[in-house]
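**Q** give me the fold of what follows.
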Amino acid sequence: MSVLSCLVVLFVLTLHSSFTFQGRNMQETEKIEELGFEDMMEACSSASNENTDIVTYNDTMIVAHNIFPRLESKEGPLLLRPTRTKFAILFLCTKGSTTVRCNSHECRIQANSLFVCKPGSVLQFLNGHLDQVSVVCSQDKPEGALTIPLQKLLPHYTELEALTVLRLGAHDSRRINTMMGFLVEAIKADTSLLFYHEAVKAQASALVFCFLNIFCSGLNLKNSAQHTAHYRQQDYVRQFMSLLSLHFREQRRVTFYSDQMHITPKYLGSIITRQTGRTISDWIDHFVVAEAKVLLGSSSLTIQEITYKLNFPNQSFFCKYFKSHTGMTPSGFRSHHE
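**A** Next comes the predicted model:
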């Protein structure tokens, strides 16, 4: 669920017709749906008509026009119900506005704003009216369109991980939208061209690095030697975050992660704290509490069922754990978000 994965761009959708989201309140839903990248590809294909233009790249990239408001699965419209996406979404709004719930947080997307939804997030469009948007979805595969220099990003993982909506200036918004268009044209080019794949990857990289530069300029981050140092330690951070996103529901022991990485718990702890500003336990608790909030706020699972799903020994233990980190009981949190 790393933001770093989210920034690997795969699906570009540019919409120029006006449409309205008529979403339901998340608490009305019965369960969290799952949406994989292959499901999204199938939904895009089934929604195509003479006015749509769908292009794929290495089964890791979809480019589609005028398809998002009609995107449906067999069960009905996608993303109007709470849906856990197995890929990342980068959503640029150029006209209009809408309210989106990502995990347990509601945010307003309006003109010249960029919405980031990380892999594994639970997403639901609630309401609003959009006139023009560009959407990028991404799944992280070796054959994907680009490689990101993780060593520069990891020192700022905390800020990236917390990012949901980034407000852009009109100039930056136009620049990103234009670069999305360049990426579309690169993918649509003749695949027999000698440097076809290199051109696609270059355009995808340019788009992502443009976004990252805008993000980093907001934090007043500059290029310096300290951001490129300690490659080995930063690789450990990447490994830890990857393992944590896979196993946090059933494993909260620090030794599990250090054993998987073949280093001592003390050494791993010192690396994670130095590189991210948080301890390993902090990161584990962060993932577990965030998932608990999602399950409490967007599913009909009982607290007992959530207790077992997150591998707590009993409901009492889970309730004490949740309250110690949020100041609210699970039932209180659920009632507050109804």
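**Q** if Met61 is in a bridge, with which residues?
**A** The partner list for Met61 in beta bridges (DSSP bridges) reads Tyr57.
**Q** from Arg101, how far out is it?
**A** In this structure, Met61 and Arg101 are 27 Å apart, going by CB to CB, to the nearest Å. Using the backbone N, CA and C atoms, a C-beta is placed for each residue, glycine as well.
**Q** show me which of these two is the more surrounded one.
**A** Counting neighbours by other CB atoms under 10 Å for Met61 and for Arg101 shows that Met61 has the greater number, 27 against 21.
**Q** number of residues surrounding Pro313?
**A** Residues contacting Pro313 under the criterion other CB under 10 Å number 9.
**Q** again, but for Asp190
**A** Here the neighbour count serves as a burial measure; for Asp190 (other CB under 10 Å) it reads 6.
**Q** that's a strand at it, yeah?
**A** No: residue state for Asp190 (DSSP: H, G, I helix; E, B strand; the rest coil) corresponds to coil; a strand is not indicated.
**Q** thinking it is in contact with Ala199, fair?
**A** No: taking contact to mean CB atoms under 8 Å, the distance of 10.5 Å between Asp190 and Ala199 leaves them out of contact.
**Q** quick one, domains of the chain?
**A** For the chain, whose domains are defined here by automatic domain parsing, the residue ranges read 3-218, 231-336.
**Q** could those go into a markdown table alongside mean pLDDT?
**A** Listed next are the domains of the chain as a markdown table, based on pLDDT from 0 to 100:
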| stretch | mean pLDDT |
| --- | --- |
| domain 3-218 | 70 |
| domain 231-336 | 90 |
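**Q** for Arg249, the count of nearby residues, please.
**A** Applying other CB under 10 Å, we find 12 other residues in the vicinity of Arg249.
**Q** what about Thr255, neighbour count?
**A** Residues lying near Thr255 (other CB under 10 Å) number 11.
**Q** which SSE is it in?
**A** Assigned by DSSP states H and E, Thr255 falls within helix 254-261.
**Q** can you name the element that comes right after that helix?
**A** Using DSSP H and E, the helix or strand that directly follows helix 254-261 along the chain is helix 265-276.
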